[in-house]
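Engineer: Fold the following.
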Amino acid sequence: MKDALELDSIDLAILRELQDDGRMTNVELASRVGVSAPPCLRRVRRLEEAGVIARYRAVLDAAKLGREIVAFCLVGLHHQSDAELKAFAALTEHWPLVREAWMVSGESDFLLHCVAPDFSTFQRFVLEELTASDNVDTVRSALTIRKVKDEGLIAFDAEDASNAGAA
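Structural biologist: This next block holds a predicted model:
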């Protein structure tokens with residue numbers, strides 16, 4: 001694995017716990033992973049400094065904040081040169097409705113995760129900003145019905161723990 005940090009089972013347990021609840025105290029975290037607080041804090045700091053823990057953030061409920069529309073847009077570009085891909089990626093930085101943007105392979109070039117207060121706002125964004133952008137060829141959007149799973153980005157399983165123990 002390129003740039004992978006060697007992690008043991010305690011490191012993986014720390015990551016699993018923090019991914020589930022990033023607000024817990026170091027004392028609580030240490031208790032959950034079975035070490036004392038000082039070495040637990042040292043491990044967390046090492047994981048942060050190595051960039052394994054990239055940042056902490058609150059997960060907000062969009063609907064309770066008046067953001068009723070969650071949609072995904074698959075965007076295909078006319079040209080896929082490095083400059084064109086970078087130019088489109090830079091555009092996404094200026095669109096507040098786009099919460100995540102991924103460059104993807106396959107029939108589309110980008111996958112955008114969009115959140116809007118209502119359908120007309122989302123529709124206006126798609127028609128007046130997204131499809132009107134230079135080099136955009138196709139846009140296919142999918143409105144969500146409801147979220148059925150919400151887990152952290154990384155799944156940790158028994159194989160991870162056994163591989164960490166061997167490291």
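Engineer: just checking, Val70 touches Asp118?
Structural biologist: No. Using CB atoms under 8 Å, Val70 is not in contact with Asp118; the gap is 11.9 Å. Any C-beta I mention is one placed from the backbone N, CA and C, and that applies to glycine too.
Engineer: Give me the more crowded residue out of those two.
Structural biologist: Val70 (19 against 12; other CB atoms under 10 Å).
Engineer: how about the more buried one, phi and psi?
Structural biologist: phi -120, psi 130 (degrees, to the nearest 10).
Engineer: got it, and Arg124?
Structural biologist: Phi and psi for Arg124, reported as degrees, to the nearest 10, are phi -60, psi -40.
Engineer: what about it, how many residues close to it?
Structural biologist: Residues near Arg124, counting by other CB under 10 Å, number 14.
Engineer: any idea how far it lies from Glu93?
Structural biologist: As judged by CB to CB, to the nearest Å, Arg124 and Glu93 stand 19 Å apart.
Engineer: ok, now Trp102?
Structural biologist: From Trp102 across to Glu93, the span is 14 Å (CB to CB).
Engineer: and Val35, how many neighbours?
Structural biologist: For Val35, the neighbour count with other CB under 10 Å is 17.
Engineer: swap in Ala13?
Structural biologist: Neighbour count for Ala13, taken as other CB under 10 Å: 21.
Engineer: Which residue, neighbours along the chain excluded, lies closest to it?
Structural biologist: The shortest distance from Ala13 to any non-neighbouring residue, by CB to CB, 6 or more residues apart in numbering, is to Val33 (4.1 Å).
Engineer: Now do the same contact list for the one you found.
Structural biologist: Going by CB atoms under 8 Å, 6 or more residues apart in numbering, Val33 touches 10, 13-14, 17, 40.
Engineer: try 10 Å this time
Structural biologist: By CB atoms under 10 Å, 6 or more residues apart in numbering, the contact set of Val33 is 9-18, 39-40, 43.
Engineer: Can you give the distance of stretch 41-49 from its chain's centre?
Structural biologist: 21 Å (CA atoms, centre = their mean, to the nearest Å).
Engineer: How about residues contacting the strand or helix carrying Asp137?
Structural biologist: Using DSSP states H and E, Asp137 sits within strand 136-143. If you take CB under 10 Å, 6+ apart as the criterion, strand 136-143 is touched by 69-79, 88, 91, 107-110, 112, 114, 119, 122-123, 125-127, 129-131, 133.
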